[in-house]
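A predicted structure for the sequence below; I have some questions about it.
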Amino acid sequence: MCMLDRDTIWPGLVMTAGVSASAVVALTSGSVALTALTGAGFIAGSWVLLIARAKRRSRRLARLTAEANRLAGLSTPQQVQATARATMSSGDGESAGGGDPRALEQALTTLGDRLGKQIKELAKKSRNLGALIDGLTEPVIVTGDDQRVIMCNNAAERMLSVEGSTLIGRSVREVFTREEVLRLHDRARAGQSSVEQVVLTIPGGRRTFQVASSPLPAAWGEGVYGAVLVLRDVTELAQAVQQQTDFVANASHELRTPVAALRIAIETLQDGGAEDPSIRDRFLSMCANHVQRLEEMIRDLLDLSRAESRQLPVRLQPLDVDELERALRTIFEPICAERGLTLEFNGLASARGVMTDPRLLQLIVRNLIDNATKFAHERTPIVVTVRVTPEAREQDEEQSRATMRIEVKDKGQGIPLAQQERVFERFFQVDTARTGVTGRRGSGLGLAIVRHACDALGGRVGINSVWGTGTTVWVELPVNPPTKST
């Protein structure tokens, strides 16, 4: 085997190897420089990107700060637009102001404080509004865009809600079934305000309401969000109007009947009936009876008008019982004599000198006796009983008030139970076909006059009647006891 010495045999190869090593070193140095340069460029680019992103974020912070200031009331929309233009032109949010996160934090803190105050103010206004609505005696119901109840007051809950439930969240068609109310609600949702009188059936019975509907404006602009319904109970007013209408109709009818009879009688006499003595006497008697009835009716109408007047003066003075009995006997003894009736007074002396209104008291007793003379059986007594209780207590003015009870009793057929509740209504008359009474026909106003006169004196009136036995009508009036000088 042969071997060669590398120093003598391969000198060129060694030299070549040395040159290649230098080149490698040089090449390696260049790569390092290039790598360093590339890294520096990457770092520089990253910084540029970071700075650009920071500027964008700064501009966003500036705009957010400006908007927060606007919402907080620290700047106007024009100032916000100016800030936006400044940030766009400068490219630096901080130079335009507001790019500092601390400025945004301060603006948001101010905004939060303002919002907190506004929320408290809104809550206060909401409580005040709720208290105001709950203070109303009329039921108030507010519906939203889905036609469900979003607000109501206590009066509405008491009147319309089922026990243990609430109206809130219920559909208006669940709360009301009457078409009139639903029609008013639909008009309000269409932007129209309306008022209509409606009869509703509620837990307390049938009542008449004046329903007013109005649109609920939308909070965010034009348009209608819901409807507001306000119900006012006008049952008593409606009844008064109806009673007034009935009164006029009944009065016209009652006046027309005797007037028509008088006209017929006069025409008969004018056509030759006066030549026959029997016909003449019969028709003249009929005229006299109808004239008397007209006089009584006119008197009763005037008495009723005075008794119903709220301005009716009550003049208290000592009662002269002797004068009262004398006046009543003068009026009714001739009437009682026609039918064999007797007029009796019991206990009248106990009321001597009590302080009351003698004029109203005589009006009450006169109508009670007049009513009894119409329905008492012939040859029976009409008894007027007077009692004053309790006795006066001079040491205590509060306890010195006494009660005077007056009863007028007749022995007639009585009043059917079904009709007893209506005897104090104007123009109501007991069915004579059922009572079998053929006496004088009244105007139907006497007991109505008694009721209103009792109201004027602060008293009350009632009736006790047994079919086939008779009737007792009583009144209880507060009176002052007689003075020591009486």
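Looks like it came in fine. Worth saying up front: this structure is predicted, and the values here are computed from it rather than measured.

and Asn474, what does it touch?
In this structure residue 474 is Trp, not Asn. Residues near Trp474 by C-beta atoms under 8 Å, 6 or more residues apart in numbering: 405-408, 461-464. C-beta here means a position set from N, CA and C on the backbone, and glycine is covered the same way.

now with 7 Å?
For Trp474, the contacting residues are 405-407, 462, by C-beta atoms under 7 Å, 6 or more residues apart in numbering.

please enumerate the strands of the stretch 251-400 of the chain.
In the stretch 251-400 of the chain, the strands defined using DSSP state E, counting those that start in this stretch lie at 317-318, 342-346, 355-356, 381-389.

same list (these) but as CSV, adding mean neighbour count, distance to Val172 and mean pLDDT.
Converted to CSV, these look like this (neighbours: other C-beta atoms under 10 Å; distance: least, C-beta to C-beta, whole Å; pLDDT from 0 to 100):
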stretch, mean neighbour count, distance to Val172, mean pLDDT
strand 317-318, 14, 60, 92
strand 342-346, 15, 64, 95
strand 355-356, 18, 55, 90
strand 381-389, 17, 57, 94
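
tabulate those (TSV), appending distance to Gln413.
Below are the strands of the stretch 251-400 of the chain laid out as TSV (distance: least, C-beta to C-beta, whole Å):
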stretch	distance to Gln413
strand 317-318	39
strand 342-346	18
strand 355-356	33
strand 381-389	14
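
of all these, which lies closest to Ala123?
Among the strands of the stretch 251-400 of the chain, the nearest to Ala123 by C-beta to C-beta is strand 355-356 (59.4 Å).

contacts for that closest one, please.
Applying C-beta under 7 Å, 6+ apart, the contact partners of strand 355-356 are 316-319, 457, 477, 479-480.

cool, stretch 174-194 as well?
Outside stretch 174-194, the residues that touch it by C-beta under 7 Å, 6+ apart are 149, 160, 167, 172-173, 196, 198, 200, 211, 213-215, 224, 227-229.

now Arg387: how far from Glu138?
45 Å (C-beta to C-beta, to the nearest Å).

please apply the same query to Lys117.
Note on Lys117: its distance to Glu138, by C-beta to C-beta, is 34 Å.

can you pull out the helices in the stretch 201-350 of the chain?
Secondary structure of the stretch 201-350 of the chain by DSSP state H, counting those that start in this stretch: the helices cover 235-270, 277-308, 321-339.

rewinding a little: between the strands of the stretch 251-400 of the chain, which gets nearest to Ala261?
For the strands of the stretch 251-400 of the chain, distance to Ala261 was read as C-beta to C-beta. The smallest value, 28.7 Å, belongs to strand 381-389.

spit out the contact partners of Glu333.
When contacts are counted by C-beta under 7 Å, 6+ apart, Glu333 touches Leu343.

centroid-nearest residue for this protein?
Glu138 (2.0 Å; C-alpha atoms, centre = their mean).

surely that residue is in a strand?
No: if the criterion is DSSP: H, G, I helix; E, B strand; the rest coil, then Glu138 is coil and not within a strand.

dump the helices of the stretch 201-350 of the chain to CSV, plus distance to His452.
Shown next, in CSV, are the helices of the stretch 201-350 of the chain (distance: least, C-beta to C-beta, whole Å):
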stretch, distance to His452
helix 235-270, 12
helix 277-308, 4
helix 321-339, 20
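
for these, which one sits closest to Asn128?
Comparing the helices of the stretch 201-350 of the chain by their distance to Asn128 (C-beta to C-beta), the top pick is helix 235-270, with 31.0 Å.

out of the contacts of strand 355-356, which are buried?
318-319, 457, 477, 479-480 (16 or more other C-beta atoms under 10 Å).

Arg263: which of the residues you listed is nearest?
Nearest to Arg263 among those, counting by C-beta to C-beta, is Leu457 at 40.9 Å.

the residue nearest to that closest one when sequence neighbours are not counted pairs with what?
Nearest non-adjacent residue to Leu457, counting by C-beta to C-beta, 6 or more residues apart in numbering: Leu477, 5.1 Å away. Beta-bridge pairing of Leu477 under DSSP bridges involves Met404.

and Leu477, what pLDDT?
On pLDDT, Leu477 comes in at 93.

ditto for Leu360
88.

now do the contacts for it.
By C-beta under 7 Å, 6+ apart, the contact list for Leu360 reads 314, 453, 456-457.

go on, Asn153?
Contact partners of Asn153, counting by C-beta under 7 Å, 6+ apart, are 133-134, 136, 139-140.

which strand or helix spans Asp149?
For the record, residue 149 is Val, not Asp. For Val149, the element it lies in under DSSP states H and E is strand 149-152.

next helix or strand past that strand?
The helix or strand immediately downstream of strand 149-152 is helix 154-160, counting by DSSP H and E.

what about Gly459, how many residues nearby?
By the criterion of other C-beta atoms under 10 Å, Gly459 has 23 neighbours.

can you report phi and psi for it?
phi -110, psi -170 (degrees, to the nearest 10).

I'd say it and His452 touch.
No: in this structure Gly459 lies outside contact range of His452 using C-beta atoms under 7 Å: 11.0 Å.

kindly list the longest strand within this protein.
Secondary structure of the chain per DSSP state E: the longest strand is strand 205-217.

so what's the closest residue to Glu323 other than its chain neighbours up against?
Once flanking residues are discounted, Glu323 sits nearest to Pro358: 7.8 Å by C-beta to C-beta, 6+ apart. Applying C-beta under 7 Å, 6+ apart, we find Pro358 in contact with 317, 319-320, 324.

where does the stretch 251-400 of the chain have low pLDDT?
Along the stretch 251-400 of the chain, the parts satisfying pLDDT under 70 run over 310-312, 391-400.

ok, then the element right after the helix or strand Leu122 falls within?
Using DSSP H and E, Leu122 sits in helix 101-134. Next helix or strand after helix 101-134 toward the C-terminus (DSSP H and E): strand 140-143.

and that following strand, what does it pack onto?
For strand 140-143, the packing partners by 3 or more C-beta pairs under 7 Å, 6 or more residues apart in numbering; DSSP states H and E come out as strand 149-152, strand 224-233.

give me the buried stretch members for the shortest one, please.
Using 16+ other C-beta under 10 Å as the burial criterion, the residues of strand 149-152 that qualify are 149-152.

before we move on, the earlier item: now the helices and strands packed on strand 140-143 in a markdown table, with mean pLDDT?
Converted to a markdown table, the helices and strands packed on strand 140-143 look like this (pLDDT from 0 to 100):
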| stretch | mean pLDDT |
| --- | --- |
| strand 149-152 | 90 |
| strand 224-233 | 92 |
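
can you lay out those as CSV showing distance to Gly191?
Formatted as CSV, the helices and strands packed on strand 140-143 follow (distance: least, C-beta to C-beta, whole Å):
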stretch, distance to Gly191
strand 149-152, 18
strand 224-233, 5
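
what's near enough to touch the residue nearest to Leu457?
356, 404, 454, 457, 459.

8 Å - rerun?
Contact analysis of Leu477 by C-beta under 8 Å, 6+ apart lists 356, 361, 403-406, 454, 457-459.

quick one: buried ones out of those?
By neighbour count, with 16+ other C-beta under 10 Å, the contacts of Leu477 hold 356, 361, 404-406, 454, 457, 459 as buried.

nearest to Arg263, of those residues?
Nearest member of the buried ones among the contacts of Leu477 to Arg263, counting by C-beta to C-beta, is Cys454, at 38.1 Å.
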